[in-house]
Each structure stands twice: as structure tokens, then as C-alpha cells.
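**Q** One predicted model, sequence on top.
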Amino acid sequence: MIRSPEPQVASFTADPARSTALPGYLYSDPAVFAEEKRRLFYKSWQIVAHESELPQAGDYVCATIVDQSVFVLRGRDRQVRAFFNVCQHRAHELLKGRGNVKSVIVCPYHAWSYELDGSLRAARATPNLPAFDPKEYGLAPVRLERHLGFLFVNLDPEAPSVSALAGGMFADMARELPWLGDLTFNPAYSFTEETGSLLQANWKVMAENCLECYHCGPAHKAYVDMIDVGHYELTRHDAWMKSSAPLRRNDNSAYHVGPEEPVQHNVFWHLFPNIEFSVMPGARALSAFYFTPVDAEQTRISWVTLTMPGEQLPQDRLDYLGKVLWLEDAAICESVHRGLKSLGYRRGRFVASDDHANISEINVHAFQRQYAEAMGL
Ligand code: FES
Ligand SMILES: [Fe+2]
């Protein structure tokens, strides 16, 4: 049998041009995934809803962070709080999906009830229970921060704030998008935990796919007709990265963008580990999409879009993004996921030459480096 010679580069290093990619087993091994839960998903900020989804007191939305059910709920004082979705009696889940809690949260199992601020209101047959203080049995709170109306939660009480990690990213968005503050949640273009897609791919495959445009030419023919990939720019910051490029042609094979339309470029901001914000050419709109792993080999995609109040996005844009670009990327990710498990795949390389900076995979390397550090690899 003819074999290729051993590669000259054999390990992951700080220099993207001389580093291998991370090994394939990290994308499907259940033991690795268990470690990712502990080191990444129980410690990073995750978007669980948009505040507009909770207009009234008592409105709630449940969300799952890998295997942790949480909910966000608007109190009578108008404040939104986040809690673990678990009764403090004997651990039944309290709420399902989304809805409105009329007066109190009542556990379906033995009917302990909780106020909207999470304090225990009543526990049947406990007045004479020895050493039982209801104050000790309120719901377990979860940290919550609000940015652009998105509700971010973090299961780690010690984690640095979103502002500390990504204040620069939100400032950059505000610079790029002067109308950012006018956008509102548009349910017509938002797909959440219940309605989003499920992909047969590890979440990191999807994150990495968003971080380079080396694949755009071969895989997204219409996209490269619309976007000037020759002027793609990639930058890296501590917890976030950015890629952006100008529009190439108003009339192109993706969708029409009028020269008078307010957005004439395309920007992606990636917030480590699994959140992506994007602005496409055309109307004023910002989408957040986030990949929540179900397990090592399946990922749920939620996609939330903010537009100008009540604005409808053109159908050709929606058709291109939802029925062409997304399907192209989904197929790529599922194929790469299968390939990463192939016995015939050795550790690949990053294409990161300075003379082709626009299509560099330098941000994929930066993602893998950040991942390796977080995982203690
Ligand atoms: S588990 Fe909730 S009341 Fe018993
Ligand atoms: Fe893509």
C-alpha cells in the first residue's frame, strides 16, 4: 500500500501557519462532550430569549443549556429574572415551554408554590416540620444580563460579565450599525428552541464554519456573487471575533440589494463559544444565531432576528438565507462531522497565509486555541 509521508507538522501550536487542526475525536467523543459541559457550557454566557418575548408580568420562557433547564420570567415588579427550572422539594421541573404564570409558580408534583421572585410561598403540610425554614427553599437563581434586548444567562456565579467579555463587541456593533438601538424583536423571522433546526453535527463544526470564508468560493456560489470576498476582513479580540466584507453587486444571484438600501455590507461577530451575530446587506436587521449542543453529535440552532419595528424583510432575501445559504452550510457541517470520525482523516492544517488574508482560516485557529485553553488541552 502506498502511504503519504508523515506530515511535517504534528501538533496544535500557537502559530496558525504551522499548527495542525485539533484532532477529530474531540468532535464526537461523549467523554469530551461531558468535559465541554463542565468547562464551557456551564460557564459561558448563553442567549435564552429576547426580552420582547416576555411583555407581561408572569410571562416566561424555558431554555435548555445542554442538559440544564432554566427559565426567564418577568416579575410583577417588571424585572426579568432567571432560575434553574427545578423544584426545591424533590426536583420536579416546574415549567414547560413558554407561557404565563398567573399568580404563582406551582410545582406539578406536590404543589409547592413559588412567588414570581423565586421565593417559596407555600409548601403543603410543612408548618410543623422540624427545622424547616421556607426562606431556605427559594428557587436557585441564575445570572442574567441583557444586551440589545437579548437575555443572556450564565450558570456560573463567578464568570466574568458579558460586558467585561464582549463590551468591545457591542461597541463595535453600535459603530457599524448606527440604527442598532431602533431594532426590535421580530417573531416572524425568529426560530427558537422549539422551532429551530436540529443538525447532525458537533457544535464546534458549526462555529468553525462561520469563522472563515475560504469555503465561500467553492460552496456558496451566489454569496460570492453578492459579497466581495476579495475584501473580506477578519479580526480577533479576547472573547469575540469579527469578519466583514462589502457588497460586490447590487444585482447578484443571491438577492437584490438596492443601492439606496441602508446596509451595503455583511458582518459577522462571533462570541465564544457558540453565539454568532450577523448583518446582511439590504434592510436594517440583525440576527443572532446560537448553536446549543444536544449531545456530542447533534446541535440545535436558534435564530433570532431584530428588524425595524414591524418591518417585513423581502422574500428573495428570506428565500436565499433560509433555503440556499443555510442549507449549503448545514450540508457542509453534517459532512464535516461525519468526516471528522473517519478512520482515514489525519489532523489537517489551517490555510493562513498573509498573502491571502481575506480567505484565511486564522479565526478558526483562534477559536480552536481558545477552546483548547478552556478545555485544559
Ligand atoms: S417536587 Fe415539587 S412539590 Fe414535590
Ligand atoms: Fe458557509
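**A** Ah, there it is. Ligands and ions are numbered 1, 2, ... in the order given.

**Q** need the strands for the stretch 101-250 of the chain, in chain order.
**A** For the stretch 101-250 of the chain, the strands defined by DSSP state E, counting those that start in this stretch occupy 105-106, 113-114, 120-122, 141-147, 150-154, 184-185, 197-199, 233-236, 240-246.

**Q** quick one: contacts for the residue of the stretch 251-377 of the chain found nearest ligand 1?
**A** Ligand 1 sits closest to V294 of the stretch 251-377 of the chain, with a gap of 25.4 Å, by CB to the nearest ligand atom. All C-beta atoms are positioned from the backbone trio N, CA, C, and that covers glycine. By CB atoms under 8 Å, 6 or more residues apart in numbering, V294 lies in contact with 66, 198, 300.

**Q** Among these, name the buried ones.
**A** Listed as buried from these are 66, 300; burial here means 16 or more other CB atoms under 10 Å.

**Q** Tell me the one among the contacts of V294 nearest to F33.
**A** Nearest to F33 among the contacts of V294 is V66, at 8.5 Å by CB to CB.

**Q** OK, contacts around the closest one?
**A** Residues near V66 by CB under 8 Å, 6+ apart: 37, 41-42, 292-294.

**Q** Need the three-state assignment for V267.
**A** Under DSSP: H, G, I helix; E, B strand; the rest coil, V267 falls in the strand class.

**Q** Tell me the bridge partners for it.
**A** According to DSSP bridges, the residues that bridge with V267 are S244, V279.

**Q** Test my guess that it contacts S244.
**A** Yes: contact criterion CB atoms under 8 Å: V267 and S244 qualify, at 4.2 Å.

**Q** Quick check: neighbours shared by the two?
**A** With CB under 8 Å, 6+ apart, V267 and S244 have common neighbours E176.

**Q** Output the contacts of V66 as a markdown table; include the columns pLDDT.
**A** Formatted as a markdown table, the contacts of V66 follow (pLDDT from 0 to 100):
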| residue | pLDDT |
| --- | --- |
| K37 | 98 |
| F41 | 98 |
| Y42 | 98 |
| T292 | 94 |
| P293 | 97 |
| V294 | 96 |
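
**Q** Closest to V9 out of those?
**A** P293 (29.1 Å).

**Q** these two touch, right, that closest one and W203?
**A** Yes: assessed by CB under 8 Å, P293 is found in contact with W203 at 4.4 Å.

**Q** Neighbour count for those two, which is higher?
**A** For the pair P293 and W203, the greater number of neighbours falls to W203 (30 against 24), based on other CB atoms under 10 Å.

**Q** roughly how far apart are the more buried one and N250?
**A** Computed as CB to CB, to the nearest Å, the W203 to N250 distance reads 35 Å.

**Q** quick revisit: among the contacts of V66, which two are most distant?
**A** Among those, Y42 and V294 lie farthest apart (CB to CB), at 15.7 Å.

**Q** Surely the residue of the stretch 251-377 of the chain closest to ligand 1 is within a strand?
**A** Yes: assessed with three-state DSSP, V294 lies in a strand.

**Q** separation between it and W203?
**A** From V294 to W203 the distance is 9 Å (CB to CB).

**Q** same thing with S353?
**A** Going from S353 to W203 by CB to CB gives 28 Å.

**Q** again, but for S335
**A** S335 is 16 Å from W203, where distance means CB to CB.

**Q** Likewise for V80?
**A** Relative to W203, V80 is positioned 26 Å away (CB to CB).

**Q** Mean pLDDT and distance to ligand 1 for the strands of the stretch 101-250 of the chain - can I get that in CSV?
**A** CSV is the format used below for those (pLDDT from 0 to 100; distance: least, CB to the nearest ligand atom, whole Å):
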stretch, mean pLDDT, distance to ligand 1
strand 105-106, 98, 9
strand 113-114, 98, 9
strand 120-122, 98, 10
strand 141-147, 98, 17
strand 150-154, 98, 22
strand 184-185, 96, 32
strand 197-199, 94, 30
strand 233-236, 97, 46
strand 240-246, 98, 40
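
**Q** Before I go, just wanted to say thanks for your time.
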